[in-house]
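>>> my questions are about this predicted structure, shown below with the sequence.
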Amino acid sequence: MIVFEDVTKVYDPDVVGLQDFTCHIGKGEFVFLVGASGSGKSTLIKLVLKELVPETGRILVAGRNLGTLRRSKVPLLRRNIGCVFQDFKLLPNKTIFDNVAYALEVVGEPRRSIRRKVPEILSLVGLADKTNSYPHEISGGEQQRVSVARAFVNHPPLLLADEPTGNIDPETAIGIMQLLVRINRTGTTVVIATHDRDMVNRMRRRVLQLDNGRLVRDERRGGYDQVADAEEQEVLS
């Protein structure tokens, strides 16, 4: 799903975002990106979205070489990537229904399909009773659930989450992780950048650790065998 080959990204003046970074993330994986602030986690996500362009190296997303991708094709790339952010990025003047529907409207989804899909995804994230509410009328955890619903309503093959539990309490964070695990089990590749070491340690998933733009750890923690999967469900339930 994601291939980085010897990728280097440098910000002016001479601040390294990524340095000689090589990594492959397969279809259907659930991966944590960890590291201190400034280690390169957000840079990696922005490169996948082609918000940034590397100085050297090659990046492929779902088989597409981003280095040769035409600018006119970038919106199509991003439509196939769901994004969840720490600050939710909800539209304050739109209802919860309309916030989620917007993700479908921008790709030209028929209104009849939107009326069917939005209630389905809001039910999945436990917000079926908040359809007509506005973002300021619901809690931070509920706002993040709306963000997850909006990211997944198109059923994208790839979902990126940048500090998705950073602004919510630990108990609510577990609920968000439950949602992301559920989404991963539908076949969507999930990549989460996080500082939440406790959450990472409680889940048996692949961990990529960055330090000053370099990959210093790539640990596969057995999250895909039956025993580990059962342990994870016990932690998250």
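Perfect, thanks for sending it.

>>> contact partners for residue 210?
18, 33, 34, 35, 39, 40, 41, 44, 216 (C-beta atoms under 8 Å, 6 or more residues apart in numbering). Quick note: C-beta positions are derived from backbone N, CA and C, even for glycine.

>>> format the CA atom coordinates belonging to the helix or strand containing it as CSV.
If you go by DSSP states H and E, residue 210 is part of strand 206-211. Extracted in CSV, the C-alpha atoms of strand 206-211 (Å, rounded to 0.1, in the frame of the first residue of the first chain):
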residue,chain,number,x,y,z
ARG,A,206,3.5,-3.2,14.0
VAL,A,207,5.5,-0.3,15.3
LEU,A,208,7.7,2.1,13.2
GLN,A,209,9.8,4.4,15.4
LEU,A,210,11.4,7.5,13.9
ASP,A,211,14.2,9.6,15.4
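
>>> next secondary structure element downstream of it?
strand 214-219.

>>> can you name every helix or strand that that next one contacts?
For strand 214-219, the elements it packs on are strand 15-25, strand 206-211, judged by 3 or more C-beta pairs under 8 Å, 6 or more residues apart in numbering; DSSP states H and E.

>>> how much space between the residue nearest to the spatial centre of the chain and residue 97?
The centroid of the chain falls nearest to residue 160 when counting by C-alpha atoms, centre = their mean (1.8 Å). For residue 160, the distance to residue 97 equals 24 Å [C-beta to C-beta, to the nearest Å].

>>> if we can go back for a sec, mind putting the helices and strands packed on strand 214-219 in JSON lines, mean pLDDT included?
Formatted as JSON lines, the helices and strands packed on strand 214-219 follow (pLDDT from 0 to 100):
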{"stretch": "strand 15-25", "mean pLDDT": "95"}
{"stretch": "strand 206-211", "mean pLDDT": "96"}
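
>>> can you list the ones you listed in CSV and add distance to residue 120?
Shown next, in CSV, are the helices and strands packed on strand 214-219 (distance: least, C-beta to C-beta, whole Å):
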stretch, distance to residue 120
strand 15-25, 28
strand 206-211, 30
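
>>> what residues sit buried inside stretch 137-153?
By 16 or more other C-beta atoms under 10 Å, the buried positions in stretch 137-153 come out as 138, 141-153.

>>> repeat for stretch 182-201
183, 184, 188, 189, 190, 191, 192, 193, 194, 196, 199, 200.

>>> among those residues, name the ones in helices.
If you go by DSSP state H, these have 183, 184, 199, 200 in helices.

>>> just the closest of these to residue 11, please.
Nearest to residue 11 among these is residue 200, at 26.5 Å by C-beta to C-beta.

>>> might you report the residue contacts of the closest one?
Contacts of residue 200 by C-beta under 8 Å, 6+ apart are 32, 34, 194, 207.
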